[in-house]
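K.L.:
Next comes the sequence, and after it the predicted model I'd like to discuss.
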Amino acid sequence: MTSRVWVTGFGGFMGSHLVDLLERNGHQVLGTYFPPTAKVGRTAVRGKVGECDVRDRDKVRSLVEEFRPEKIYHLAAQSYPVVSWADPWYTLETNVIGTTNIFEAVKAVGVQCRILNACSSAEYGMVREDDVPVKEGRVLRPLHPYGVSKVSQELLAVQYFENFGIESVSVRIFNTTGPGKVNDVCSEFTKRLVEIEKGIDISGTLRVGNLDARRAITDVRDVIRAFDLALDLATPGEVYNLSGSTVYRIQEIVEMLRGMVDRDFEVKQDPALMRPTDEPIIFGDSTKFKKETGWREEIPLDVTLRDMLDYWRKAL
């Protein structure tokens with residue numbers, strides 16, 4: 001059944017992929033962005049596209065009144081931990097006040113609407129080796145304002161459900177990558193290797209940080225399928241991990257990529273890329289979500305990496 005769907009954060013990495021999926025499934029989509037971190041206004045978007053700062057409560061309410069969404073995928077956020085230390089005010093205003101504005105608008109207008117609340121594995125903070133795969137019941141001890149803002153977002157969703165019956169599902173998203181991603185290890189590696197392949201970077205050297213760190217990585221196209229399933233099949237008011245099921249050492253990713261590019265390259269560790277609080281392993285237990293929705297990953301990491309290389313070959 002088709003629905004009127006609002007995607008906040010359409011200008012971001014996940015938002016643009018999600019709108020593509022929703023429109024392929026026949027939904028009437030409103031996509032909003034501010035400021036864009038991905039291309040917007042693409043001809044592929046058949047629904048409405050516009051700018052909306054979720055901190056602007058009047059604008060948010062007017063969109064809910066005019067569009068009357070049946071589903072909201074709330075992805076708009078300041079999502080970089082480093083930026084959250086440089087500008088905690090903007091981070092908290094966007095992620096916490098922005099989320100409040102979404103829920104308040106739905107409450108005030110009185111629309112019957114389910115909300116997907118995009119949260120983060122950053123809520124857990126530092127996790128010990130014997131705590132993984134981390135489960136939803138683990139104590140939350142975020143390491144930065146971004147993580148704190150996502151905990152707040154999640155708790156707001158619970159309060160609006162318990163007090164006003166506004167149905168929402170919160171998903172704690174673990175490492176996600178894919179074509180169009182920037183500022184994660186897979187996107188940095190694939191971009192640099194294409195630069196070497198094309199002769200843009202003549203050094204022939206891939207600079208790396210901590211090669212021993214381990215991450216469970218999910219393709220964005222699998223993640224957005226999970227978003228779609230969540231609002232139909234997950235339990236309103238609940239919180240779910242959304243994590244890959246296979247953990248990769250960063251060294252393994254480098255070796256996978258070595259066989260995918262046309263030029264050999266040297267690997268050099270760069271102290272500037274080493275993080276003082278880098279978690280040794282990030283890996284979540286998605287059993288609860290899988291049991292309720294039937295979701296499974298379909299895209300293996302080698303396919304994701306090949307698609308990311310092809311993306312950069314066209315983009316550069």
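P.N.:
Ah, there it is.

K.L.:
going forward, measure contacts between C-alpha atoms and count neighbours the same way
P.N.:
OK.

K.L.:
pretty sure L309 contacts K191?
P.N.:
Yes. If you go by CA atoms under 8 Å, L309 and K191 touch, sitting 7.0 Å apart.

K.L.:
So which of these two has more stuff around it?
P.N.:
L309 (25 against 21; other CA atoms under 10 Å).

K.L.:
wait, isn't F13 in contact with K181?
P.N.:
Yes. Using CA under 8 Å, F13 makes contact with K181 at a distance of 6.0 Å.

K.L.:
quick one: Q251 and R215 touch, right?
P.N.:
No. Taking contacts as CA under 8 Å, Q251 lies outside contact range of R215: 11.0 Å.

K.L.:
Between the two, which is the more surrounded one?
P.N.:
Just comparing Q251 and R215: by other CA under 10 Å the higher neighbour count belongs to R215, 23 against 15.

K.L.:
Surely that one is within a strand?
P.N.:
Yes. The assignment for R215 is a strand, going by DSSP: H, G, I helix; E, B strand; the rest coil.

K.L.:
ok now do R55, which residues does it touch?
P.N.:
R55 makes contact with 93-94, 97-98, 101, according to CA atoms under 8 Å, 6 or more residues apart in numbering.

K.L.:
Tell me which stretches of the stretch 51-200 of the chain form strands.
P.N.:
Along the stretch 51-200 of the chain, counting by DSSP state E, counting those that start in this stretch, strands occupy 71-74, 114-120, 168-173, 176-177.

K.L.:
Which among the ones you listed is found nearest to A226?
P.N.:
strand 168-173 (9.4 Å; CA to CA).

K.L.:
Which elements pack onto the closest one?
P.N.:
Counting contacts by 3 or more CA pairs under 8 Å, 6 or more residues apart in numbering; DSSP states H and E, strand 168-173 is packed against strand 114-120, helix 145-164, helix 220-233, strand 239-242.

K.L.:
elements contacting the helix or strand that comes right after the last one?
P.N.:
For strand 239-242, the succeeding helix or strand toward the C-terminus, using DSSP states H and E, is strand 247-249. The contact analysis (3+ CA pairs under 8 Å, 6+ apart) places strand 247-249 against strand 214-216.

K.L.:
can you list the residues that contact the strand it packs on?
P.N.:
With contact meaning CA under 8 Å, 6+ apart, strand 214-216 is reached by 174-175, 243-250, 280-284.

K.L.:
Okay, now the unreliable bits of the stretch 151-300 of the chain?
P.N.:
Residues of the stretch 151-300 of the chain meeting the criterion pLDDT under 70: 275-277.

K.L.:
and with 80 instead?
P.N.:
Applying pLDDT under 80 to the stretch 151-300 of the chain picks out residues 273-279.

K.L.:
can you list the domain ranges for the chain.
P.N.:
4-176+218-242, 179-216+246-282+300-315 (automatic domain parsing).

K.L.:
can you tell which of those domains is closest to K288?
P.N.:
Across the domains of the chain, K288 has its closest neighbour in domain 4-176+218-242 (6.7 Å, CA to CA).

K.L.:
quick one on the thing from earlier: turn the strands of the stretch 51-200 of the chain into a markdown table, including distance to V5.
P.N.:
Output for the strands of the stretch 51-200 of the chain, formatted as a markdown table (distance: least, CA to CA, whole Å):
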| stretch | distance to V5 |
| --- | --- |
| strand 71-74 | 5 |
| strand 114-120 | 10 |
| strand 168-173 | 14 |
| strand 176-177 | 23 |
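
K.L.:
A157 is nearest to which of those strands?
P.N.:
Closest among the strands of the stretch 51-200 of the chain, once you apply CA to CA, is strand 168-173, at 6.5 Å.

K.L.:
Give me the sheet partners of the closest one and which way each runs.
P.N.:
Applying DSSP bridges to the sheet, strand 168-173 is found paired with strand 114-120 (parallel), strand 239-242 (parallel).

K.L.:
Not counting it itself, show me its contacts.
P.N.:
By CA under 8 Å, 6+ apart, strand 168-173 touches 114-121, 154, 157-158, 161, 230-231, 234-243.

K.L.:
Please save the CA atoms from it in PDB.
P.N.:
The C-alpha trace of strand 168-173 is given here as PDB (Å, rounded to 0.1, in the frame of the first residue of the first chain):
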ATOM      1  CA  SER A 168       7.800   5.700  16.400                       C
ATOM      2  CA  VAL A 169      10.600   3.200  16.000                       C
ATOM      3  CA  SER A 170      14.200   4.100  16.900                       C
ATOM      4  CA  VAL A 171      17.000   2.300  15.100                       C
ATOM      5  CA  ARG A 172      20.600   2.500  16.400                       C
ATOM      6  CA  ILE A 173      22.600   2.400  13.100                       C
END
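
K.L.:
what angle do it and helix 220-233 make?
P.N.:
Relative orientation of strand 168-173 versus helix 220-233 (axes from the mean of the first three to the mean of the last three CA atoms, to 10 degrees): 160 degrees.
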